[in-house]
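Asks: Task: produce atomic coordinates for the following.
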Amino acid sequence: MIEAHDLTKRYGPKAAVDGISFTVEPGSVTGFLGPNGAGKSTTMRMIMGLDRPTSGRVTVNGKPYAQHRSPLSQVGALLDAKAAHPGRSARSHLRTMAATHGISTKRVDEVIEMTGLTAVASKRVGGFSLGMGQRLGIAAALLGDPKTLILDEPVNGLDPEGVKWVRNLVRYLAGEGRTVFLSSHLMSEMAQTADQLLVIGRGRIIAAGPVQDVIDGVTATTVRVRSPRATDLAALVQDAGAVVSSTEAGTLDLRGITAERVGETAAAHGIVLHELTPQRASLEEAYMTLTQEAVEYRSETTPAVMEQTR
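Replies: Presented below is the predicted three-dimensional model:
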C-alpha cells in the first residue's frame, strides 16, 4: 500500500506537487495519469525517497521507503530504464543489485527468463534497444519479489507483444494481492490495464476512483438508436427530458436518458428499433476533458499553419 498525506514539493516558488493526498490499495492496478509537467515523476520519486518532500509525507507498506531494512523486497520500481551501467551485462547488473540484499543468483535467472532477456543476458546494456532496456528495468523491479511495484511508463519502447506482456504481468501481480502503481501516456492501454485511476494536473489530484467512474464523472453516456420511426421516437424521448441529435436519417443520438428507458418507451408505443446501443466515452476523451485546463506545454500549431510554412 502507498499512502500520501498533504504531499508537497516546491522548487523555489513553483509547486511541482501541491498538497496531494491519496491511497494506492493492494490487489489492484492503479493508473497514474497527467500531462507532462503535472507532477507524476516528482510524486513517484518522493515515494521512492529520491526527492525529499517540502512538506507532507508518503509511506510504502507503512513506512517511508528509506526506513525499510530490505527495500527491494518491499518496493520494486522502474523510474528510469537507463539506470544501469552501459558497460555491464544485463546479468551482471541484476547480480550486483541482488548481492546488496542477499538475493540468490537463481532469482536473477528467474527474472531474466520472466522478462524475456535470456538471449541477451550476457550482452552489454549500452547496446540495448529502448524496449530491451525497459525489460531490464522491469526485471530489476521484480528482483526482490516485492509487495509493491511502481512503474513509470513501463511500456515505453515495447512492441505490441511486449505491451500485452506488461499488461498481463501487472494484472497477474495485482491478482496476487500486490500493490501496482503505474503511469502511461497510452490511454487505450491504461483503460485495459488499470482498475483505479489517479489523475494529476498542475501538481494537484483532479480525479480519482475506478476507471469507469472517472470516465462517467466527466462525460455523458450517449444512446445510439436506429428506427424507421425515428422522428416519432425523438418526440417521445424529448418529452421525457432527453437531448436529441441526429447525423443521418433514421438514426438518433440521445443524451440524458438511459437505453432501458428508450427501449421501454419504444415498446409502449409500438415503435420498432433496429439498434439500441449505449455509447460510453473513452478514457482518452475523459482524460482530455479533465486535463484541458492543466496542460502546461501546449502546441498551437495546426495542420493548416504547418502547410503554409512549407
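Asks: which stretches of the stretch 151-300 of the chain form strands?
Replies: 179-183, 196-201, 204-210, 222-226, 243-245, 251-255, 275-279 (DSSP state E, counting those that start in this stretch).
Asks: any idea how far Glu110 is from Ser104?
Replies: 9 Å (CB to CB, to the nearest Å). Just so you know, the C-beta spots here come from the backbone N, C-alpha and C atoms, and that holds for glycine as well.
Asks: between those two, who's got more neighbours?
Replies: Glu110 (15 against 10; other CB atoms under 10 Å).
Asks: Residue ranges in the stretch 151-300 of the chain under the pLDDT threshold?
Replies: Scanning the stretch 151-300 of the chain for pLDDT under 70 picks out 294-300.
Asks: Repeat the analysis, applying 50 as the threshold.
Replies: Nowhere does the stretch 151-300 of the chain drop to pLDDT under 50.
Asks: thinking again about what came up before, please produce JSON lines containing the strands of the stretch 151-300 of the chain, extended by mean neighbour count.
Replies: Output for the strands of the stretch 151-300 of the chain, formatted as JSON lines (neighbours: other CB atoms under 10 Å):
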{"stretch": "strand 179-183", "mean neighbour count": "25"}
{"stretch": "strand 196-201", "mean neighbour count": "24"}
{"stretch": "strand 204-210", "mean neighbour count": "17"}
{"stretch": "strand 222-226", "mean neighbour count": "20"}
{"stretch": "strand 243-245", "mean neighbour count": "14"}
{"stretch": "strand 251-255", "mean neighbour count": "19"}
{"stretch": "strand 275-279", "mean neighbour count": "12"}
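Asks: how about CSV for the ones you listed, with distance to Pro154 added?
Replies: Formatted as CSV, those follow (distance: least, CB to CB, whole Å):
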stretch, distance to Pro154
strand 179-183, 6
strand 196-201, 16
strand 204-210, 21
strand 222-226, 33
strand 243-245, 40
strand 251-255, 37
strand 275-279, 31
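Asks: how about the ones you listed, which one is nearest Asp6?
Replies: strand 204-210 (11.6 Å; CB to CB).
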